[in-house]
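**Q** Just the structure for this:
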Amino acid sequence: NSSTNLTLGTGQTVRGAGQLGVNQLELTQLGTIEANASSALVVDLTSALTNQGTISALGSGGIQVQDPLINQGDLNIANGSQLTVVAQPFTQLSGLTEIQGGSLTASSLQINGGDLKGRGTITGSTTFTSANLTPHAGLLAFSSSLTFDSTTTLRIEISGTNAASDYGNLSATDIFLDGHLFVRFGGGFENSILISDTFAIMAASTPLTGVFQNITPGARLPTADGLGSFAVNYDTLGVTLSDFQPVPEPSTATLLLTGLGFLLWPRRRRQANQRSGLPGKYNTKSSSTLDFTEGKKGNKEIQKIIL
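**A** You can find the predicted model right below:
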């Protein structure tokens, strides 16, 4: 009935398929909702579903939410599963949404904080504000427009040259760029990358609008791990990384000069000791024995210092 209130507390779980509410349930979601069946788990509340716990779509039936969905916790969509917000918006204020080969659908998606990661499909115009987008190795496809604001960060990890399995990349119908791009290596690929290798990290169906704030067209982008830099190419319909240049290693001449400096240092130190005014000459035979060869007065003075 209309007075029904349900609190799913921390450590509590609703699991399976079927119906949760029929437009007459108020739900406080702090626990875990897990849809692991071949038929859908339908959530139908009197108002928006605010997730402060964990929602996981694991089975092929997935989850259908009949109300606006607000995420402040963890949202997971497994390969072959889906989460559908039926004719309503999806908003993330904090937390994490991770798509592991599945799909997320809403009338629109507003990512106002936290992280969105993974590979798979996102349906609905999507806007990022003060959030991080990290496509996993493979394609993260946006079936509508994708918009970044100035506080958005796109993070790309490259562990090979195969776009389907080695580095994150994304596509959308329309892409409006802003924010910052960060690139790093994974799996030791920095040791085998070739200067001729290219990486198409972004593709659009219509011409791109805007650029990343931290890299102008034609400039080079240092990798976040400090291993080198890429040329960033803003093409009409995408962004490509190419012409990787590693951080130069020290030259042979530099190494030789450094070694020569170490060899000369003890000699200069001995010369400095002789100029310090201590009489007599001595030879070091061990770390604790000095052999004085002349200068009796000097011997006594140095012995006093040692004692």
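
**Q** rest of the way, CA atoms for contacts and neighbours
**A** OK.

**Q** contacting residues around residue 118?
**A** Contacts for residue 118 (C-alpha atoms under 8 Å, 6 or more residues apart in numbering) come out as 98, 99, 100, 101, 134, 135, 136, 137, 140.

**Q** Which elements pack onto the helix or strand where the fourth one lies?
**A** Assignment of secondary structure by DSSP states H and E places residue 101 within strand 96-111. Judged by 3 or more C-alpha pairs under 8 Å, 6 or more residues apart in numbering; DSSP states H and E, the packing partners of strand 96-111 are strand 74-77, strand 82-85, strand 90-92, strand 115-128.

**Q** Adjacent strands (with direction) for it?
**A** Sheet pairing here is set by DSSP bridges, and for strand 96-111 it gives strand 74-77 (parallel), strand 82-85 (parallel), strand 90-92 (parallel), strand 115-128 (parallel).

**Q** Check the offset of it from the chain's centre.
**A** Averaged C-alpha coordinates place strand 96-111 at 18 Å from its chain's average position (C-alpha atoms, centre = their mean, to the nearest Å).

**Q** Number the residues from 14 up from this point.
**A** New numbering, starting at 14: the last item is strand 109-124.

**Q** residue ranges with poor pLDDT in the protein?
**A** The model of the chain has pLDDT under 70 over residues 14-16, 263-320.

**Q** after the helix or strand containing residue 154, next one along is what?
**A** Using DSSP H and E, residue 154 maps to strand 145-155. Using DSSP H and E, the next helix or strand after strand 145-155 towards the C-terminus is strand 158-161.

**Q** May I have that next one exported as PDB, CA atoms only?
**A** Extracted C-alpha coordinates of strand 158-161, given in PDB (Å, rounded to 0.1, in the frame of the first residue of the first chain):
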ATOM      1  CA  SER A 158      25.800  12.300 -27.800                       C
ATOM      2  CA  LEU A 159      28.700  12.500 -25.300                       C
ATOM      3  CA  THR A 160      29.600  15.800 -23.600                       C
ATOM      4  CA  PHE A 161      32.600  16.600 -21.400                       C
END
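
**Q** Pairing partners for it, with directions?
**A** When DSSP bridges is applied, strand 158-161 pairs with strand 128-141 (parallel), strand 187-189 (parallel).

**Q** Helix or strand next in line after it, which one?
**A** Using DSSP H and E, the helix or strand that follows strand 158-161 in sequence is strand 166-171.

**Q** Centre of the chain to that following strand, how far?
**A** Centroid separation between strand 166-171 and its chain, computed with C-alpha atoms, centre = their mean, is 6 Å.

**Q** Next, the angle strand 145-155 makes with that strand.
**A** Going by axes from the mean of the first three to the mean of the last three C-alpha atoms, to 10 degrees, strand 166-171 is angled at 80 degrees with respect to strand 145-155.

**Q** quick revisit: relative to residue 209, which of the contacts of residue 131 is nearest.
**A** residue 150 (20.4 Å; C-alpha to C-alpha).

**Q** need the contact list for that closest one.
**A** Residue 150 makes contact with 131, 132, 170, 176, 177, 178, 179, 180, 181, 182, according to C-alpha under 8 Å, 6+ apart.

**Q** isn't there a strand covering the fourth one?
**A** Just to be clear, that refers to residue 176. No: using DSSP: H, G, I helix; E, B strand; the rest coil, the assignment for residue 176 is coil, not a strand.

**Q** And the helices in the chain?
**A** For the chain, the helices defined by DSSP state H occupy 265-287, 309-319.

**Q** which residues touch the residue nearest to residue 225 when sequence neighbours are not counted?
**A** In space, and not counting its chain neighbours, residue 225 is closest to residue 191: 4.7 Å by C-alpha to C-alpha, 6 or more residues apart in numbering. By C-alpha under 8 Å, 6+ apart, residue 191 lies in contact with 161, 162, 163, 164, 165, 223, 224, 225, 226.

**Q** ranking those residues by neighbours, who comes first?
**A** Greatest neighbour count in the contacts of residue 191, by other C-alpha atoms under 10 Å, goes to residue 161: 26 neighbours.

**Q** circling back to that earlier point, is it possible to get JSON lines of the strands paired with strand 158-161 that adds distance to residue 230?
**A** Below are those laid out as JSON lines (distance: least, C-alpha to C-alpha, whole Å):
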{"stretch": "strand 128-141", "distance to residue 230": "22"}
{"stretch": "strand 187-189", "distance to residue 230": "15"}
